[in-house]
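Visitor: Provided below for reference: sequence and predicted model.
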Amino acid sequence: DRRVGFAVAQLGPVHLQDTKTAVVVRLIDMLRQAHARGARWVTFPELALTTFFPRYIYETPEEYDIFFEEGLPSPAMRPLFEVAKDLGVGFYLGYAEKTEDNGVTRRFNTSVLVGPDGAILGKYRKIHLPGTVDPIGDLEFEHLEKRYFEVGDLGFPTFTTPDARIGMCICNDRRWPETFRVMALRGAEVFMLGYNTPTRNIHHPEPAHLREFHHRLSLEAAAYQNAAWVMAAAKCGSEDGFAMIGGSAIVAPTGEVVVRASTEDDEVIIYDCDLDLGAYIRRSVFDFARHRRIEHYGIITSQ
Ligand code: CDT
């Protein structure tokens, strides 16, 4: 067995008036809990430092720049990076990224992967941005990710670490099988993802239970069909009165949820993941080289 402790740190609500400093104190507290329980890696949520601001309508960058981070680590993140390095714990953290590119300001919904030695291994910029550019209107909340973020330009990278090859994606990406297949073809053994999923689907009415069901179904299918471990971290509960689902989970390469958060608040879940389990499945039933038939898959990338 090749066993490594992976934790998921679910965040309860972050309200508009909460400071980033206060949120980072919560993240550090969960990082310490995870370390005390044997974690080498922690997955934190998407846009972990602030409320899920794409639900709100802002007109100018001056209004929404407060939600964004510049530099890595940004000043707000620095205490987390320092404690993680001291403890020797690697982590995934979702944040709103603002960057200058040849004099042009760009904004992405980003995650960073930091190794247990404190080294920044790389970033992922969210590719499947849900929602709209302009407000739909006449709703209790909006979903304006296409307004505030550009589509990610880094593909779906994976990172070699001493413990496992790790891939990252963010929230809505989990609903698209291509996300995980691309990472699996790049050797990912662990998929880390953070999410903010409003309990109510503003785009079409559906029974409330489907929101959690589709979340879990996506994770289970991703894990099973790619023989990889999935670490899924929610930011959840009622943020300023807007409900988001919990259900943070760790899923084994068999497709089974091995541990699941039971609250909608700050909560650490952890599992001793056997990476050889995924490797075994990738040598047998899901040996891509022997069994995939790529000559019949062309349409996936041509339309
Ligand atoms: N953050 C995020 O990507 N949330 C979406 C909501 C979809 S409804 C617009 C999700 O897929 O969970």
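Guide: Happy to help now that I have it.
Visitor: give me every residue in the stretch 101-250 of the chain lying close to the ligand.
Guide: For the stretch 101-250 of the chain, the contact set with the ligand under C-beta under 6 Å from any ligand atom comprises 130, 131, 143, 171, 172, 175, 195, 196, 197, 201, 203. Quick note: C-beta positions are derived from backbone N, CA and C, even for glycine.
Visitor: can I get the residues you listed in CSV with neighbour count and secondary structure?
Guide: Listed next are those as CSV, based on neighbours: other C-beta atoms under 10 Å; DSSP: H, G, I helix; E, B strand; the rest coil:
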residue, neighbour count, secondary structure
130, 16, coil
131, 19, coil
143, 22, coil
171, 27, helix
172, 23, helix
175, 15, helix
195, 27, strand
196, 29, coil
197, 24, coil
201, 15, coil
203, 12, coil
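Visitor: out of the residues you listed, what pair is the most spread apart?
Guide: 195 and 203 (16.5 Å; C-beta to C-beta).
Visitor: tell me, how many residues neighbour the nearest residue to residue 12 once chain neighbours are set aside?
Guide: Take residue 12 and drop its neighbours on the chain: the residue closest to it by C-beta to C-beta, 6 or more residues apart in numbering is residue 265, 3.7 Å away. By other C-beta atoms under 10 Å, 13 other residues sit near residue 265.
Visitor: tell me the contacts of residue 265?
Guide: Applying C-beta atoms under 8 Å, 6 or more residues apart in numbering, one finds that residue 265 lies in contact with 10, 12, 237.
Visitor: if we use 10 Å, what do you get?
Guide: 10, 11, 12, 13, 236, 237, 246 (C-beta atoms under 10 Å, 6 or more residues apart in numbering).
Visitor: just the ones of those residues in strands?
Guide: Per DSSP state E, strands hold the following members of the contacts of residue 265: 10, 237.
Visitor: turn the contacts of residue 265 into JSON lines, columns for pLDDT and neighbour count.
Guide: Shown next, in JSON lines, are the contacts of residue 265 (pLDDT from 0 to 100; neighbours: other C-beta atoms under 10 Å):
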{"residue": "10", "pLDDT": "99", "neighbour count": "29"}
{"residue": "11", "pLDDT": "99", "neighbour count": "29"}
{"residue": "12", "pLDDT": "99", "neighbour count": "18"}
{"residue": "13", "pLDDT": "98", "neighbour count": "20"}
{"residue": "236", "pLDDT": "98", "neighbour count": "29"}
{"residue": "237", "pLDDT": "98", "neighbour count": "20"}
{"residue": "246", "pLDDT": "98", "neighbour count": "23"}
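Visitor: and the contacts of residue 265, which is closest to the ligand?
Guide: The nearest member of those to the ligand, counting by C-beta to the nearest ligand atom, is residue 236 at 11.2 Å.
Visitor: list phi and psi for the closest one.
Guide: phi -150, psi -180 (degrees, to the nearest 10).
Visitor: I figured residue 202 hits residue 142, correct?
Guide: Yes - counting by C-beta atoms under 10 Å, residue 202 does reach residue 142; the two are 7.3 Å apart.
Visitor: between the two, who's got more neighbours?
Guide: More crowded of residue 202 and residue 142, by other C-beta under 10 Å: residue 142, with 18 against 15.
Visitor: my read: that one touches residue 135, true?
Guide: Yes - between residue 142 and residue 135 a contact is recorded at 5.0 Å, counting by C-beta under 10 Å.
Visitor: overlap in contacts of those two?
Guide: 56, 57.
Visitor: wouldn't residue 144 be in contact with residue 53 here?
Guide: Yes - counting by C-beta under 10 Å, residue 144 does reach residue 53; the two are 8.7 Å apart.
Visitor: overlap in contacts of the two?
Guide: residue 64.
Visitor: please enumerate the helices of this structure.
Guide: Assigned by DSSP state H, the helices in the chain fall at 20-36, 61-64, 78-87, 145-148, 177-185, 209-226, 275-283, 288-291, 299-302.
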